[in-house]
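S.K.: dropping a prediction and its sequence here:
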Amino acid sequence: MAKKIFICLSICVILCMVGCDKKTTTEQPVLSAGLLPSTETRCKLIVKGNELDSQMKFNYEYSYAEIPILAVIKNLGAEVEWQQNKTTAEITFKEKKYILDTEDNTIFEEGKTFNFIVIAPGSKHSIYSYVNDNEFIIDSDSAKLFFTAVMGVNIKTDIKNGIVNIE
C-alpha cells in the first residue's frame, strides 16, 4: 500500500514539475477566461457614439488600451497642427492651446507647467507611447487625465468585448 501511495505521489510531483516549466513553452499568456491567444488584440474605438477606424489594441498583460490620442481629440472638435520638427504638435480646443511633445510624453496648456499625461494611480506600468504616421499613440491610463480635465470626456474600457468608449 505504501508503495502505491509513493508511486502516485511521485507521478503527481512529476506532472506538477512538467506543468510549471515555463522555459519549454512558447505560448503567449492567455486570459483566464480563455478569450484571447496573446497579450494584445485589436479592439473597437467609439468616440461620442461614432466608431473610429483605428489600429487600436488592448494590452491584456497591463490592462490598458492603446489610444490614438490625436484622432480622438480631432473627433472631439480640436484642431491639431504638427510642428516642423515632427515631435511636437499644437492642439487648439475651446480657444485654448496645448503643446504635445512626443519625445517627453507631455501635454501642457500653453504658458502653464502642468503635464496632462500622467501615470494613473494604481497603474501596473509606466507611460506607454509611440508616434506612428503623424499619430501619437498612448495608453488609456496615462491619457485619462487629459481626456477628463481638458476634453470633458471619460474613457471606458470593456476588455471582455474589446471596446473602448470615449463619451
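M.R.: Here it is on my side, so go on. Just so we're clear, the structure is a prediction, and the values are computed from it rather than from any experiment. Residues are numbered from 1 along each chain as shown.
S.K.: now the helices for this protein?
M.R.: 2-19, 69-75, 140-149 (DSSP state H).
S.K.: quick check: mean pLDDT across the longest one?
M.R.: The one in question is helix 2-19. Helix 2-19 comes out with an average pLDDT of 44.
S.K.: same thing with the last one?
M.R.: pLDDT averaged over helix 140-149 equals 88, rounded to a whole number.
S.K.: swap in the shortest one?
M.R.: For helix 69-75, mean pLDDT rounds to 92.
S.K.: may I have the beta-bridge partners of the most centrally placed residue in the chain?
M.R.: The C-alpha lying nearest the average C-alpha coordinate of the chain belongs to residue 65 (CA atoms, centre = their mean; 2.8 Å). Beta bridges link residue 65 to residue 58, judged by DSSP bridges.
S.K.: for residue 55, see how far away it is.
M.R.: 12 Å (CB to CB, to the nearest Å). The way it works is simple: take the backbone N, C-alpha and C, and place the C-beta from them, glycine included.
S.K.: let me see the ranges of the strands in this protein.
M.R.: Assigned by DSSP state E, the strands in the chain fall at 40-42, 44-47, 50-52, 57-59, 64-68, 79-82, 88-93, 96-101, 106-109, 129-132, 135-139, 155-158, 163-166.
S.K.: can you mark which positions in the fifth one are buried?
M.R.: What that stands for is strand 64-68. 64, 65, 66, 67, 68 (16 or more other CB atoms under 10 Å).
S.K.: quick one: low-confidence residue ranges for this protein.
M.R.: For the chain, the stretches flagged by pLDDT under 70 are 1-40.
S.K.: contacting residues for the residue nearest to residue 164 when sequence neighbours are not counted?
M.R.: Nearest residue to residue 164, sequence neighbours excluded (CB to CB, 6 or more residues apart in numbering): residue 65, at 4.7 Å. Residues in contact with residue 65 (CB atoms under 8 Å, 6 or more residues apart in numbering) are 43, 45, 56, 57, 58, 59, 139, 140, 155, 157, 164.
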